[in-house]
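Student: Pasting the sequence and the predicted model now:
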Amino acid sequence: MLLRCPKCQQPLLQENHRYLCQNNHSYDIAREGYVNLLLVNQKHSRNPGDSDDSLTARKAFLEKGYYQPLADDLVSIVNRLFDDGASFLDAGCGTGYYLEHLINNADRQLEYYAVDIAKKGVAMTAKKNKNATCFVGSVFHLPFSDESLDGLMSVFTPYGAEEFYRIIKKGGYVIAVTPGRDHLYQLKSIVYDEVYFNEEEGYDLPGFRLIDRHNVTYEKTLECYQDIETLWRMTPYYHTTYSGNNDRLKKYESLDTVIDFLVTVYRKED
Ligand SMILES: [Zn+2]
């Protein structure tokens, strides 16, 4: 059994509409099909993670296909790395866009799990991905047994290096996506007086070896101000920028920009 009870670490088994451990800790499956495995002391706020509004906007943005080349790249990586039946976690699933794309397009039939700290995002993910086990939780306290997963992906989201090391099997994989050097350069050059390229940073994962690193880079026309604003809000820049500078984007009804992802694959040492 892969899942473990967040309270006592004993195996967690599904029983009708709930998950249960041998110490009778019980977690109900919500109507939308997910289960909340986040303990109160693992929350930083009452409703942690991305806000409902930003998740709704992000979902609409992603469904327009702006990031599909990245989703396609993840499909080809999964096809290359895994066999049928491999267990795979989307660690920080957001709205579930990449997971849905994987489930619908990968040649392999994996056993999918998804976690996010934002309940609304997990509900969206569960609704779209009935075959995935979706739960609310923190990437720093994952309710998986030691060395139980064949792989995970972490797309533009915080990561827990120690937890990843603990839950991934020897020889298993972590796929990380972070901003590439040129990501959103045109948006940044409007907002900032002085614009820099991004520092390309992968993950610091002790016990893992880097086996592949490549960029997914393309140009895209953002087709309306709503899309420009949503994309900018999806970045960490939005919150660290003086709002008057963010407002500079308001005069654009469309905008061409480079989208640039750094995709890094790590393998846990035997
Ligand atoms: Zn328990």
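Tutor: On my side now, so go ahead.
Student: check contacts around Gly33.
Tutor: Gly33 makes contact with Ala126, Lys127, Lys130, Cys134, according to CB atoms under 8 Å, 6 or more residues apart in numbering. For glycine as for every other residue, the C-beta is placed from the backbone atoms N, C-alpha and C.
Student: got it, and Glu111?
Tutor: Gly85, Ala86, Ser87, Phe88.
Student: of all those residues, which comes closest to Asp72?
Tutor: Phe88 (16.9 Å; CB to CB).
Student: can you pull the buried residues of the biggest helix by length in the chain?
Tutor: Longest helix in the chain by number of residues, with DSSP state H as the criterion: helix 68-81. Across helix 68-81, burial judged by 16 or more other CB atoms under 10 Å covers Leu70, Ala71, Asp73, Leu74, Val75, Ile77, Val78, Leu81.
Student: roughly how far apart are Cys5 and the ion?
Tutor: Distance of Cys5 to the ion, given as CB to the ion, to the nearest Å: 3 Å.
Student: Now do stretch 92-101: distance from first to last residue.
Tutor: 15 Å (CA to CA, to the nearest Å).
Student: what does stretch 147-162 give?
Tutor: One end of stretch 147-162 sits 12 Å from the other (CA to CA).
Student: What degree of burial does the closest residue to Pro158 other than its chain neighbours show, as a neighbour count?
Tutor: In this structure, Pro158 finds its nearest non-sequential neighbour in Val139, 5.9 Å apart by CB to CB, 6 or more residues apart in numbering. Residues near Val139, counting by other CB atoms under 10 Å, number 19.
Student: So Val139 is in contact with Val155, correct?
Tutor: No: using CB atoms under 8 Å, Val139 is not in contact with Val155; the gap is 11.7 Å.
Student: With adjacent residues omitted, what lies nearest to the closest residue to the ion within the stretch 151-270 of the chain?
Tutor: Residue nearest to the ion within the stretch 151-270 of the chain (CB to the ion): Ile167, separated by 17.4 Å. Closest residue to Ile167 apart from its sequence neighbours, by CB to CB, 6+ apart: Phe144 at 4.2 Å.
Student: Pipe the buried residues of helix 68-81 into a markdown table and attach pLDDT and distance to Arg31 per row.
Tutor: Output for these, formatted as a markdown table (pLDDT from 0 to 100; distance: CB to CB, whole Å):
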| residue | pLDDT | distance to Arg31 |
| --- | --- | --- |
| Leu70 | 98 | 31 |
| Ala71 | 98 | 28 |
| Asp73 | 98 | 34 |
| Leu74 | 98 | 29 |
| Val75 | 98 | 30 |
| Ile77 | 98 | 33 |
| Val78 | 98 | 30 |
| Leu81 | 98 | 34 |
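Student: and of those residues, the nearest to Gln109?
Tutor: Distance ranking of the buried residues of helix 68-81 against Gln109, using CB to CB, places Val78 first at 10.9 Å.
Student: can you redo the contacts of Gly33 as JSON lines with distance to Leu37, neighbour count and secondary structure?
Tutor: Formatted as JSON lines, the contacts of Gly33 follow (distance: CB to CB, whole Å; neighbours: other CB atoms under 10 Å; DSSP: H, G, I helix; E, B strand; the rest coil):
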{"residue": "Ala126", "distance to Leu37": "13", "neighbour count": "24", "secondary structure": "helix"}
{"residue": "Lys127", "distance to Leu37": "18", "neighbour count": "14", "secondary structure": "helix"}
{"residue": "Lys130", "distance to Leu37": "19", "neighbour count": "9", "secondary structure": "coil"}
{"residue": "Cys134", "distance to Leu37": "10", "neighbour count": "30", "secondary structure": "strand"}
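Student: Kindly reformat the residues you listed as TSV containing distance to the ion and pLDDT.
Tutor: Shown next, in TSV, are the contacts of Gly33 (distance: CB to the ion, whole Å; pLDDT from 0 to 100):
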residue	distance to the ion	pLDDT
Ala126	22	97
Lys127	27	95
Lys130	26	91
Cys134	20	97
